[in-house]
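Novice: Give me a model of this one.
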Amino acid sequence: MQTTLAACYEALGFENVPFSITPDTALFYPGGQHVSAYNQLYHACMNGTMSVLSGEIGLGKTLIVRCVIRSLPAQVRVAYLFNPLMGFVDLLREILSEFGGELPAPQAGLAVLHKSLVNLVLAGAGRGERFVVIVDEAHRLNSEALEVLRLLSNLETERAKLISLVLVGQPELDTTLNLRAMRPLRERIGVWLRLDPLSPQECAAYVRHRLARTHRDGSFHFTSAALWWLQRQTRGVPRRINLACERAVLLAYTRRLRSVNWDMARMACKEFSKVWR
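Specialist: Numbering: from 1, shown residues only. The predicted structure is shown next:
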């Protein structure tokens, strides 16, 4: 199947896949809220600021975070946690491992792991290093894990915080952080961002950006009516836009066309109508 898809794209003049749903940093959309979120998270990571990025599924949170990680200087060590469903001891062990620290014995408890992590961070800070902990799917963290992360954010010298914490998750994360019990953690948040769906204008710019970055000569295009329909049916969610655009491009291939019109966009979106209810 992959070979067939690649042949279709090549026949249409594409050098790379334009609408993959995987977070490809080379296709990062440099517009509006995405650029603002990227800039704010980057500076938060460099300055020891605790930050939160929330938004519904498919809005591009992970892609923004990966772009930030990719652009951080070499002296910044990053612990990027994909699985928040772990106990607080395992959480500390994972962070220590991601930072390149020597892991204590498997039976080591919270106190030993915390001390090892503190020593690692203090030694690194003495060499001019910075440390960032990014937790994806953070809305699934339990209260104990959040408390451990809050304690890590306490690490500081007289001049600067030593660990930047970034929490990334769905809107449920906002709900959790707004609980009264989360006040000690919430008051440490310096950057709190919420992604919204793309507007009709942003959706059109998003699609055109991906076409421009992947097509050999820029001759392939979506009509204005097709772009309008895509935004309406996908509700401006980038992941949905990618899925629908991929189907539409393949429809154009079967019709031997180098453009996607309203009818092809309608047919592409119809395939996902039940899923997107």
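Novice: okay, and for the stretch 51-200 of the chain, where does confidence drop off?
Specialist: For the stretch 51-200 of the chain, applying pLDDT under 70 flags the ranges 156-159.
Novice: ok, now with 50
Specialist: Scanning the stretch 51-200 of the chain for pLDDT under 50 picks out nothing.
Novice: Would you map the strands across it?
Specialist: Assigned by DSSP state E, counting those that start in this stretch, the stretch 51-200 of the chain shows strands spanning 76-81, 130-135, 163-169, 189-194.
Novice: quick one: contacts of the longest one?
Specialist: It stands for strand 163-169. With contact meaning Cβ atoms under 8 Å, 6 or more residues apart in numbering, strand 163-169 is reached by 41, 44-54, 61-62, 65, 121, 130-141, 149, 152-153, 155, 173, 177. Just so you know, the C-beta spots here come from the backbone N, C-alpha and C atoms, and that holds for glycine as well.
Novice: again with the last one
Specialist: For strand 189-194, the external contacting residues (Cβ under 8 Å, 6+ apart) are 36-37, 40-41, 44, 49-55, 171, 174, 177.
Novice: Quick check: neighbours of that strand in the sheet, parallel or antiparallel?
Specialist: Counting by DSSP bridges, the strands paired with strand 189-194 are strand 50-54 (parallel).
Novice: what sits up against the partner strand?
Specialist: 37, 40-41, 44-45, 61, 64-65, 138-139, 153, 164-171, 173-174, 177, 188-195.
Novice: Which members of those residues are classed as buried?
Specialist: Buried subset of the contacts of strand 50-54 (neighbour count, 16 or more other Cβ atoms under 10 Å): 37, 40-41, 44-45, 61, 64-65, 138-139, 153, 164-170, 173, 177, 189, 191, 193, 195.
Novice: What's the separation between the one residue sitting closest to the centre of the chain and T25?
Specialist: Centroid check for the chain by Cα atoms, centre = their mean gives T62 as the closest residue, at 1.3 Å. Counting by Cβ to Cβ, to the nearest Å, the gap from T62 to T25 is 10 Å.
Novice: now Q33
Specialist: Distance of Q33 to T25, computed by Cβ to Cβ: 17 Å.
Novice: Name the residue in the two with the higher neighbour count.
Specialist: A count of neighbours by other Cβ atoms under 10 Å puts Q33 above the other of Q33 and T25, at 19 against 13.
Novice: a strand runs through the more buried one, doesn't it?
Specialist: No: counting by DSSP: H, G, I helix; E, B strand; the rest coil, Q33 is located in no strand; its state is helix.
Novice: i'd like the first residue to be 30 from this point on
Specialist: Taking 30 as the first residue, the last one we looked at is Q62.
Novice: Could I get the pLDDT score of it?
Specialist: You'll see Q62 listed with a pLDDT of 93.
Novice: I'd guessed it sits against Y235; true?
Specialist: No: applying Cβ atoms under 8 Å as the test, Q62 and Y235 come out as separate, 11.5 Å apart.
Novice: before we move on, the earlier item: next, format the strands of the stretch 80-229 of the chain as JSON lines and append distance to R287.
Specialist: Below are the strands of the stretch 80-229 of the chain laid out as JSON lines (distance: least, Cβ to Cβ, whole Å):
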{"stretch": "strand 105-110", "distance to R287": "39"}
{"stretch": "strand 159-164", "distance to R287": "40"}
{"stretch": "strand 192-198", "distance to R287": "38"}
{"stretch": "strand 218-223", "distance to R287": "38"}
